[in-house]
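Undergrad: I'll drop the sequence and a predicted model, then ask my questions.
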Amino acid sequence: MRVVRVPLGERAYSIRIGEGLLSGLGQDCERLGLGRHCTIISDSNVAPLYARRAAQSLERAGFEPREITIPAGETAKCLARVSDCYHELARHRAGRDSFIVALGGGVVGDLAGFVAATYLRGLALVQVPTTLLAQVDSSVGGKVGVNLKAGKNLVGAFHQPRLVVCDLATLETLPPRELRAGFAEVIKYGIIADARLFRRLERDLDPLLRRDGGALAAVVARCCAIKAAVVGHDETEQGRRAVLNFGHTVGHALEAVFGYGKYLHGEAIAVGQVFAARLSARLLGLPEGDVDRIRSLFERAGLPTSVCLSPHQRENVSRAMRLDKKTSAGEIRFVLAERIGQVVWGRAVAASVIREVFDLLLRKPSGGG
Ligand SMILES: NC(=O)c1ccc[n+]([C@@H]2O[C@H](COP(=O)([O-])OP(=O)(O)OC[C@H]3O[C@@H](n4cnc5c(N)ncnc54)[C@H](O)[C@@H]3O)[C@@H](O)[C@H]2O)c1
Ligand SMILES: [Zn+2]
């Protein structure tokens, strides 16, 4: 088992990474000195697979777990489902000393985390992420929240978990497309912070896609360590935490324009990262060879690196980029790479340059879709 610490003073916590950790969840929670009552929040795909095992482990350690199951999918990450959870917690008479276990992907983690941040002004939270994306990204760092019709993640809070348990064995049941989407965030960590990780991914991508336990453990731990360090320096995104948004300006815009469904988040940010790499070549002299390495790694992972947009959609993507909450004063700011492993953030980019680089990314509808 590997352990990564998130260095946040008295709110510091551990991320435990290994195969089969779900059956030790109860013992891990015991060490935190939490109250006996807890509620496992999961979704309709994950609960039938893993909720029983989580509950039994908690029971063996003397806890009294309840379960709440929300529908699977991004549309459940909304205030209506948050409200359902509040009512369930009230019905179960959950008190200030009870805690929430978020068992699932990023949707469950964000929603259950938001419930934990707000119910009774805050309950302790344990994250048990079951997607690759959630293990390397969303379960770590304390951002929790839900979507509004007007946009993703518009309502939220910072609420750090007390513990994160990444059981790599849960990835075995993850649909292949979801696994590949998780690799978009994994590759991102290589680009923003660690050229060695990037080279390791180039070398080990095939065993990783086959879910080889040893290869996954090393990579998930490295990604968590990078995120932990970034969050430790800048918990509430006053500056440096923005590097985690590499590729996300275009990615979020694609998600918004196509509606949540056509592109998974990981797929949208794969396109966005190739865009950001090209922009980096143009503005910061990122070598063309590195742009090619980045594009080809996403391709090998089975992720899209270009998009097909009608003129109307293209206009909408530009508008969505300007509306992204990461923009300030009407300027679109980007995280750009100087080289693989090193990025700068907050770079304002002129609309004309964005248009030019966008042209390189577009596939013509006749070009095979
Ligand atoms: N808080 C953050 O810092 C942060 C960071 C990145 C992303 N996010 C959020 O994360 C969400 C995306 O997370 P995601 O990609 O994990 O999606 P998800 O939670 O929707 O999970 C993807 C699908 O896989 C299913 N699933 C999950 N684990 C499974 C398993 N082990 N076996 C079989 N099926 C399983 C889910 O039911 C769902 O259908 C988005 O809402 C995004 O905004 C948050
Ligand atoms: Zn992301």
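TA: It's in. Ligands and ions are numbered 1, 2, ... in the order given.
Undergrad: what helices or strands is the helix or strand in which E315 is found leaning on?
TA: In this structure, E315 sits in helix 311-323 according to DSSP states H and E. Packed against helix 311-323, as judged by 3 or more CB pairs under 8 Å, 6 or more residues apart in numbering; DSSP states H and E, are the following elements: helix 248-258, helix 351-361. The C-beta positions use only the backbone N, C-alpha and C, and glycine is treated the same way.
Undergrad: which positions within stretch 18-33 qualify as buried?
TA: Of the residues in stretch 18-33, those scored as buried under the neighbour-count criterion (16 or more other CB atoms under 10 Å) are G18, E19, L21, L22, G24, L25, G26, D28, C29.
Undergrad: next: stretch 279-288.
TA: With burial defined by 16+ other CB under 10 Å, the residues of stretch 279-288 counted as buried are L279, S280, A281, R282, L283, L286.
Undergrad: relative to ligand 1, how far out is G247?
TA: Distance of G247 to ligand 1, computed by CB to the nearest ligand atom, to the nearest Å: 12 Å.
Undergrad: show me the shaky parts of the stretch 151-300 of the chain.
TA: Under the criterion pLDDT under 70, the flagged ranges of the stretch 151-300 of the chain are 260.
Undergrad: tell me where it has helices.
TA: Assignment of helices within the stretch 151-300 of the chain using DSSP state H, counting those that start in this stretch yields the ranges 176-193, 195-209, 213-233, 248-258, 265-284, 288-300.
Undergrad: and the helices and strands packed on helix 311-323, which is most packed in?
TA: Mean neighbour count, computed with mean count of other CB atoms under 10 Å, is highest for helix 248-258 among the helices and strands packed on helix 311-323, reaching a mean of 23.
Undergrad: who are the packing partners of it?
TA: On the basis of 3+ CB pairs under 8 Å, 6+ apart, helix 248-258 makes packing contacts with strand 151-158, helix 265-284, helix 311-323, strand 333-339.
Undergrad: starting at the chain centroid, how far to that helix?
TA: Put simply, helix 248-258 sits 15 Å off its chain's centre (CA atoms, centre = their mean, to the nearest Å).
Undergrad: can you give me the angle that helix makes with helix 311-323?
TA: Angular relation of helix 248-258 and helix 311-323 on a 0 to 180 degree scale: 130 degrees, by axes from the mean of the first three to the mean of the last three CA atoms, to 10 degrees.
Undergrad: what's in contact with helix 248-258?
TA: Residues lying outside helix 248-258 but in contact with it, judged by CB atoms under 8 Å, 6 or more residues apart in numbering, are 151-152, 263, 265, 268-273, 275-276, 307, 313, 316-318, 320-321, 323-324, 326-327, 332-335.
Undergrad: try 6 Å
TA: Helix 248-258 is touched from outside by Y263, A268, I269, G272, F275, Q313, N316, V317, A320, M321, D324, F334, with contacts defined as CB atoms under 6 Å, 6 or more residues apart in numbering.
Undergrad: swap in stretch 281-294?
TA: Counting by CB under 6 Å, 6+ apart, stretch 281-294 makes contact with A277, R278, S280, L336, A337, E338, I340, all of which sit outside it.
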